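1. Okay, here's the prediction I keep looking at, along with the sequence it came from:
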Amino acid sequence: MTQIVFFILSLGTIIGALGTILCKNAYYSAMWMISAFVSLAGLFVMLNAPFVAMLQIIVYAGAIAILILFVMMLMDRRVLNNKQRFNPQYFWGIILGVGLFSDLAVLAFKFRINISNAGKSLTLHGSNTKMVGDVLFKHYLFPFEIIAIILLIALIGAIVLTKKDEEEAR
Amino acid sequence: MLEWLTAGVTVFITVILFAVILGLALYLSPKRDYFVKSQVYECGIFPVAEISNFNIRFFIIAIIFTLFDIEAVFLYPWAVDFKGLGMLGVIEMFLFLFLVFVGWIYAYKKGALEWQ
């Protein structure tokens, strides 16, 4: 049963990822990317990490994908609809991808990493959300507050960059 | 694992339902495609040029949404472990929220959310 679910989810992730890079239309690519993110969230659930799965749905499929779609809407449609599937540097992309994949595969094979139980030791009743909260708010208190400052800087930076444009145009 | 069965069944039914609805729509709908249909609607006037006149304000709002989304994500582990963290957790979280709220006030004062 678990294996069947795993194969369905990993097939969904792989098809979504392939669709992302193989679609000529950038909008379709974004939709495929969302489907890959959702399948990946299912895989995280299978690894006993529902908090990461929820993060994947809310932040990646929710916010990041919306941001990418907004960028596409801001761009010129003619730029997006060029009929080239890959840009000329795809050779280096293939080399990097194959290298990274073989690296991970060798690591997993050599050290016999069994990730199917990786999350289980860190869970309470099949959920690691409480553990994450415990670690985040007790041990990593200071880095957590740093996150707030980073978010603040990002927010101010975004507003400064976009508002400046408008004032010059006026 | 079994407690996720409900979620799995829901996702499965949703996917099937949407596939059936969209497939039926694709199968039943008449497809008479002509040039004007794919054009930008410009009050019935023939469009002058291909423009992407998408307001930059949408993007500011999207960025603000993303940042506050990431902020909200941190509320989940805090809320789940609320009793275990006690008063310190409350103080921490309110400091966090205050720091991000400063950004919100800045955005508000700067008029990034206004739609003039």
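-> Thanks, I have it. Numbering: from 1, shown residues only, chains lettered A, B, ... in the order given.
2. Now name the helix or strand holding the residue in chain A that chain B sits nearest to.
-> In chain A, the residue that lies nearest chain B is residue A:133 (3.2 Å; CB to the nearest CB). All C-beta atoms are positioned from the backbone trio N, CA, C, and that covers glycine. Assigned by DSSP states H and E, residue A:133 belongs to helix A:129-134.
3. what does residue A:24 give?
-> Going by DSSP H and E, residue A:24 is not in any helix or strand.
4. likewise the one 5 residues further on?
-> Counting by DSSP H and E, the element that carries residue A:29 is helix A:26-46.
5. shaky segments in chain A?
-> A:76-84, A:113-127, A:164-170 (pLDDT under 70).
6. burial count for the residue of chain A closest to chain B?
-> Neighbourhood size, residue A:133 [other CB atoms under 10 Å in any protein chain shown]: 23.
7. which one's the longest helix in chain A?
-> Taking DSSP state H as the criterion, chain A has its longest helix at helix A:141-169.
8. Any buried residues in it, and which?
-> A:144, A:147, A:148, A:151, A:152, A:154, A:155, A:158, A:159, A:162, A:163 (16 or more other CB atoms under 10 Å in any protein chain shown).
9. other SSEs contacting it?
-> Counting contacts by 3 or more CB pairs under 8 Å, 6 or more residues apart in numbering or on different chains; DSSP states H and E, helix A:141-169 packs against helix B:56-73, helix B:82-110.
10. Also compute the angle for the shortest one relative to helix A:141-169, please.
-> If I follow you right, that is helix B:56-73. If you take axes from the mean of the first three to the mean of the last three CA atoms, to 10 degrees, helix B:56-73 sits at 170 degrees to helix A:141-169.
11. Can you give me the buried ones in helix B:56-73?
-> B:59-64, B:66-71, B:73.
12. Can I get those residues in CSV including pLDDT and distance to chain A?
-> Output for the buried residues of helix B:56-73, formatted as CSV (pLDDT from 0 to 100; distance: CB to the nearest CB, whole Å):
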residue, pLDDT, distance to chain A
B:59, 77, 5
B:60, 79, 5
B:61, 82, 9
B:62, 83, 5
B:63, 82, 4
B:64, 84, 7
B:66, 86, 4
B:67, 86, 5
B:68, 87, 8
B:69, 88, 4
B:70, 87, 6
B:71, 86, 6
B:73, 88, 6
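13. For stretch B:64-79, C-alpha coordinates in CSV please.
-> Presented in CSV, the C-alpha positions along stretch B:64-79 are these (Å, rounded to 0.1, in the frame of the first residue of the first chain):
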residue,chain,number,x,y,z
ILE,B,64,4.1,41.5,0.5
PHE,B,65,1.8,38.5,0.4
THR,B,66,4.7,36.1,0.1
LEU,B,67,6.6,37.7,3.0
PHE,B,68,3.6,37.6,5.3
ASP,B,69,2.9,34.1,4.1
ILE,B,70,6.3,33.0,5.3
GLU,B,71,5.7,34.9,8.5
ALA,B,72,2.4,33.0,9.0
VAL,B,73,4.1,29.7,8.5
PHE,B,74,6.1,30.2,11.6
LEU,B,75,2.9,30.6,13.6
TYR,B,76,1.9,26.9,13.0
PRO,B,77,4.6,25.2,15.1
TRP,B,78,4.2,27.9,17.7
ALA,B,79,0.4,27.3,17.9
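14. Which residues outside it are in contact with it?
-> A:51, A:54-55, A:58-59, A:62-64, A:66-67, A:129-130, A:132-133, A:136-137, A:144, A:147-148, A:151, A:154-155, A:158, B:85, B:89, B:93, B:96-97, B:100, B:103-104, B:107, B:112-113 (CB atoms under 8 Å, 6 or more residues apart in numbering or on different chains).
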